[in-house]
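Visitor: sequence isn't available, so here's the structure alone:
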């Protein structure tokens, strides 16, 4: 019996190709209670690169007190360099929360970094210990120095569709915050549905507002969580608005340690299945990612939450 694949029905109104920004090794693992050994993390990154994923976010240079799972960030990057992956064709970005994190990233020889800010006051204070405006004073020198060093800089903006403490987040508030990051010099802005409450109409309205403010869809990426099973529908809405970069996590791992209602990220396998069926090119070997997620689930001691992984791995 052949392994099932989606029948391809091309929608000409959608992009011909998209970039999947794999966040599993960083965002997927950061909230796991089981400590993942360095060797497993390095193999995970290598497997994901080998599967054809065009970007694999490797780790975060955050203080170990805040994210113990990623305390071995420097050692992991050194291992990836020794394995030849850091200098390979596939970018391996790292998250840098502040200038100290950037210093560590520069010493490690990375070429792509990301900063992380909030669209809401409460989450900025809980996550960054800064107010909504104060967080930019922390991010600005990071972006400026990284760009001066020739690094590619991505900016994550969280709580773009809802905040567990503040509720609804006004669209214009998100646009103002996001455009401020792009004006700071970020190469790309990833809009995060951190608690997974976004819906198709909301996604369309937010992206329309960015476009009306002068932001091209090529400057944006979408980071959906699947709390209410809306991530795939929201992806299609974003593609119709011209967005061609989507964050995903192998096996659907990850969440947000500061947002208790958040479940896993959009699973890479679920996203690839959708895009394969729509005839949208990703360059990703679905079977290889499924195999990797099944392998990682064994190390974590629980099954993958991805529906596609469960279907194809049975």
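Guide: Okay, I see it. Keep in mind that what you see is a predicted model, and the values were worked out from it rather than measured. Numbers count the residues shown, from 1 in each chain.

Visitor: could you pull out the strands for the protein?
Guide: Using DSSP state E, the strands of the chain run over 19-22, 55-56, 59-60, 94-95, 112-118, 152-158, 188-193, 220-224, 245-248.

Visitor: let's have those strands in TSV, adding distance to residue 5, mean pLDDT and mean neighbour count.
Guide: From N, CA and C alone the C-beta is placed, and that goes for glycine too. Output for the strands of the chain, formatted as TSV (distance: least, CB to CB, whole Å; pLDDT from 0 to 100; neighbours: other CB atoms under 10 Å):
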stretch	distance to residue 5	mean pLDDT	mean neighbour count
strand 19-22	18	98	23
strand 55-56	24	98	24
strand 59-60	33	98	27
strand 94-95	34	98	26
strand 112-118	32	97	24
strand 152-158	32	98	24
strand 188-193	28	98	25
strand 220-224	23	98	25
strand 245-248	19	98	26
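
Visitor: indicate which one of the ones you listed is closest to residue 124.
Guide: strand 112-118 (4.0 Å; CB to CB).

Visitor: which secondary structure elements does that closest one contact?
Guide: strand 94-95, helix 121-128, helix 134-148, strand 152-158, helix 171-184 (3 or more CB pairs under 8 Å, 6 or more residues apart in numbering; DSSP states H and E).

Visitor: could you list the low-pLDDT ranges of the stretch 1-150 of the chain?
Guide: The stretch 1-150 of the chain contains residues with pLDDT under 70 at 1-2.

Visitor: how about a cut-off of 90?
Guide: 1-4, 31-34, 63-66, 126-133 (pLDDT under 90).

Visitor: residue 17 reaches residue 280, doesn't it?
Guide: Yes: under the criterion of CB atoms under 8 Å, residue 17 makes contact with residue 280 at 6.4 Å.

Visitor: comparing the two, which residue is more hemmed in?
Guide: Neighbour totals were compared for residue 17 and residue 280, and residue 280 leads with 21 against 12 (other CB atoms under 10 Å).
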